[in-house]
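Enquirer: the sequence and its predicted three-dimensional model are supplied below.
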Amino acid sequence: MSSELRLKKLRGSGGYVMATVTDEQQMKGNLGGPDLFLAPIGRLDAEKITKHFCNTCEKEFEGPPKIEFENPNEEVAENLILAERGQYICNSCNASIAEYRDFKKQDEAGDVGAAKPLEAQVQSAQPETPQQVAEPTADPEPTTTQPGPATSVTSIEGKYVFDENANKLGTAKQVGIDSTQDMVLVITKEDGTEGSIPWNSIKKIGEVVLLGNPKVTIQPGKCTSCGFVNKEGSKFCEDCGSKI
């Protein structure tokens, strides 16, 4: 694979940067559409960034934004460590242009297991036993479980995905993170194209993945034109460019 550097526009939830990236970084930043995103790439060297645009300022600036990060080295799931989290910050107004998370596997050859209890991560509550994803059984009524914030990738790959009306939407491909750092389920749709489903839309996982109606909440930054959820405070939609 070529290691030649190319100048590319990398988008975030609050703006974008212009940076020279390698082919490998371009592949990481490609979430299936024509645009490249900063979040999957992670932290870039500041000297590789030539410009940045802030949605809050509605202005492009020369040079890189501020890059702040920390290394929590926190175990968020079995065999999965949150090694680094950080964000790109506008030099003028301190608004967040993009955020990222860098995860590492303790055992590169092993699979990622069930997530750690969310309560134990957010507050000092008594930890609960992590819920496991049920494997297919021969029973007429398959055992199912509510999906947690993370799940075993191998246990969900290839499962058929149905909506709440029992319409088949496609086949589960992988668990991923979108440009707003929310977890999504990437699927191969019936027409062969790829799509993504917000993780909170999943009701149960068993022999199949069953979707339900997620709780309706007011989402700051949600575009009224295309429905894309932008970072709160954004004035233009990251996906379609419409004014919010």
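Expert: On my side now, so go ahead.

Enquirer: show me which residues of stretch 39-55 are buried.
Expert: By neighbour count on 16 or more other C-beta atoms under 10 Å, the buried set for stretch 39-55 is 39-44, 48-49, 51-55. C-beta coordinates here come from the backbone N, C-alpha and C atoms, glycine included.

Enquirer: just the CA atoms of it, as PDB, please.
Expert: Output in PDB follows, covering the C-alpha atoms of stretch 39-55 (Å, rounded to 0.1, in the frame of the first residue of the first chain):
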ATOM      1  CA  ALA A  39     -12.900  10.500  14.900                       C
ATOM      2  CA  PRO A  40     -11.800   7.100  13.600                       C
ATOM      3  CA  ILE A  41      -8.300   8.400  12.800                       C
ATOM      4  CA  GLY A  42      -7.600   9.700  16.300                       C
ATOM      5  CA  ARG A  43      -4.800  12.100  17.100                       C
ATOM      6  CA  LEU A  44      -2.900  13.600  14.200                       C
ATOM      7  CA  ASP A  45       0.400  15.300  14.400                       C
ATOM      8  CA  ALA A  46      -0.200  19.100  14.600                       C
ATOM      9  CA  GLU A  47       2.300  19.800  11.900                       C
ATOM     10  CA  LYS A  48       0.300  17.700   9.400                       C
ATOM     11  CA  ILE A  49      -2.700  20.000   9.800                       C
ATOM     12  CA  THR A  50      -2.700  23.100   7.600                       C
ATOM     13  CA  LYS A  51      -6.100  24.600   8.300                       C
ATOM     14  CA  HIS A  52      -9.200  24.100  10.500                       C
ATOM     15  CA  PHE A  53     -12.800  25.300  10.300                       C
ATOM     16  CA  CYS A  54     -15.000  25.900  13.300                       C
ATOM     17  CA  ASN A  55     -18.800  25.600  12.900                       C
END
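
Enquirer: give the rounded mean pLDDT of it.
Expert: Mean per-residue pLDDT for stretch 39-55: 94.

Enquirer: next one: that stretch to chain centre, how far?
Expert: Remark: stretch 39-55 is offset 18 Å from the chain centroid, using C-alpha atoms, centre = their mean, to the nearest Å.

Enquirer: just name the shakiest helix or strand of this structure by mean pLDDT.
Expert: Taking mean pLDDT, DSSP states H and E as the measure, the chain has helix 118-122 as its least confident helix or strand, at a mean of 36.
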